[in-house]
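Colleague: From the sequence below, what's the structure:
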Amino acid sequence: MLKDDLEAMSPQKVSEVEKAQKDIVGVIQRLEKEGKLVLSVGEDSELV
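Modeller: Numbers count the residues shown, from 1 in each chain. Here you go, the predicted model:
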């Protein structure tokens, strides 16, 4: 479904994509802070 939506969209400005990404990260951080989302890192993942 998401793939279909993305394929149907016209090209977007890089600045608009970057803003949307920042908004998404902000929501994720807020949900994690509120305890509504838990992000885990696998054993073989490297932290940067």
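Colleague: Do you have the helices of this structure handy? List them.
Modeller: Counting by DSSP state H, the chain forms helices over residues 2-8, 14-33, given from the N-terminal end onward.
Colleague: Which of the helices and strands in the chain ranks last by mean pLDDT?
Modeller: The helix or strand of the chain with the lowest confidence, counting by mean pLDDT, DSSP states H and E, is helix 2-8 at a mean of 89.
Colleague: hmm, back to that, comparing the helices of the chain, which comes out most buried?
Modeller: helix 14-33 (a mean of 10; mean count of other C-beta atoms under 10 Å). Backbone N, C-alpha and C define where each C-beta goes, glycine included.
Colleague: rewinding a little: other residues contacting the least confident helix or strand of the chain?
Modeller: Contacts to helix 2-8, defined as C-beta atoms under 8 Å, 6 or more residues apart in numbering, come from no residue at all.
Colleague: so how far is it from its chain's centroid?
Modeller: Averaged C-alpha coordinates place helix 2-8 at 16 Å from its chain's average position (C-alpha atoms, centre = their mean, to the nearest Å).
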